[in-house]
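>>> Show me how the following folds:
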Amino acid sequence: MEMNKETEEKIRQLQLFEQNMHNIITQKQRFQSQLLEIENALSELQDAQGKVYKIVGTIMIDATKHTLEKDLNERKDVLELRLKSVKKQEDDYKERAEKIQKEVMRELEQKETKNE
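Predicted coordinates:
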């Protein structure tokens, strides 16, 4: 069964969407992992007694609990915004891909009906 150029182009778009979705999902998972790390660090920091330290590169330096909490909360806020943005991108790609997929299926069904 031979497809018209428009249908072939839509199929190429779907393949591109699939690749982009894979990248977005990978990025989303990375952000979720970093967010979980920060939340765990904040939890541990709340229970910490005495001196606390911050890792900078390959060294540890002492810091105040307040400073670390502030830094971690700022990083958490940034990650939450990035995660929200990535989720929106993911939803947009899904919606567009579903629309194109329906169009392709409809075109293929019409072509199949004509060939019968």
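>>> And the top helix by length along the chain, what does it pack against?
Using DSSP state H to define each element, the chain has its longest helix at helix 65-115. Packing partners of helix 65-115 (3 or more CB pairs under 8 Å, 6 or more residues apart in numbering; DSSP states H and E): helix 5-47, strand 52-56. Every C-beta, even on glycine, is put in place using the N, C-alpha and C of the backbone.
>>> Please state the offset of it from the chain centre?
Relative to its chain's centre, helix 65-115 lies at 7 Å (CA atoms, centre = their mean, to the nearest Å).
>>> before we move on, what about stretch 5-25?
Worked out by CA atoms, centre = their mean, stretch 5-25 lies 17 Å from the chain centre.
>>> And the contacts of that stretch?
For stretch 5-25, the surrounding residues in contact (CB atoms under 8 Å, 6 or more residues apart in numbering) are 3, 86, 89-90, 93-94, 96-97, 100-101, 103-104, 107-108, 111.
>>> which stretch among the helices and strands packed on helix 65-115 comes nearest Leu72?
helix 5-47 (5.2 Å; CB to CB).
>>> And for the residue nearest to the spatial centre of the chain, nearest residue in space, chain neighbours not counted?
Centroid check for the chain by CA atoms, centre = their mean gives Lys28 as the closest residue, at 2.5 Å. Distances taken as CB to CB, 6 or more residues apart in numbering place Val86 nearest to Lys28, at 4.7 Å, with adjacent residues excluded.
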